[in-house]
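Student: Quick one: sequence and predicted model below, then my questions.
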Amino acid sequence: MTPRSSIGQARYTEHAACRPHPTRWWFTDETESVDAYLICISCPVRAACLAFALDHPDLEGIWAATTPEERGRLRTRPRHPSTRIPSDDHNPAGA
């Protein structure tokens, strides 16, 4: 999901697949979060989005097809220069 002005605009957001969609999709427990997840998994800037989200632990919602809980688990693992994107086999919205 594209970051907002309160945390600064990251360069990658210009090419983010989420840009044309309603922001609320990434910040709900409803069916819309499934749409957000599906948009994220094929986003061309997913790796940059995940790196941004991992660097900002206070972020809520879906970022790079991960939930806050998933990002918390990723932060506890050793981090390599190329951030590994979690498997697309898991759908955090339960659909």
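Tutor: Alright, I've got the coordinates.

Student: Which pLDDT value belongs to the residue nearest to residue 22 when sequence neighbours are not counted?
Tutor: Once flanking residues are discounted, residue 22 sits nearest to residue 32: 7.6 Å by C-beta to C-beta, 6 or more residues apart in numbering. Yep, even glycine has a C-beta here, placed from its N, CA and C like the rest. Note on residue 32: pLDDT of 77.

Student: For residue 57, see how far away residue 32 is.
Tutor: To residue 57, residue 32 is 24 Å away according to C-beta to C-beta, to the nearest Å.

Student: circling back to that earlier point, residues touching the residue nearest to residue 22, list them.
Tutor: 22, 24-25 (C-beta atoms under 8 Å, 6 or more residues apart in numbering).

Student: One more pass at 10 Å, please.
Tutor: 21-22, 24-26, 62, 93 (C-beta atoms under 10 Å, 6 or more residues apart in numbering).

Student: Now residue 24. Nearest residue, chain neighbours left out?
Tutor: residue 32 (6.6 Å).

Student: and the residue nearest the centre of the chain, what pLDDT?
Tutor: The C-alpha lying nearest the average C-alpha coordinate of the chain belongs to residue 63 (C-alpha atoms, centre = their mean; 1.3 Å). Residue 63 carries a pLDDT score of 95 in this model.

Student: Just confirm it contacts residue 49, I think it does.
Tutor: Yes - the criterion here is C-beta atoms under 10 Å, and residue 63 meets it with residue 49 at 5.7 Å.

Student: Flag the shaky bits of this structure, pLDDT-wise.
Tutor: For the chain, applying pLDDT under 70 flags the ranges 1-10, 79-95.

Student: Could I get the full set of helices for it?
Tutor: 32-41, 46-55, 68-76 (DSSP state H).

Student: can you tell me which of those comes nearest to residue 13?
Tutor: For the helices of the chain, proximity to residue 13 was assessed by C-beta to C-beta; helix 46-55 is nearest, at 8.2 Å.
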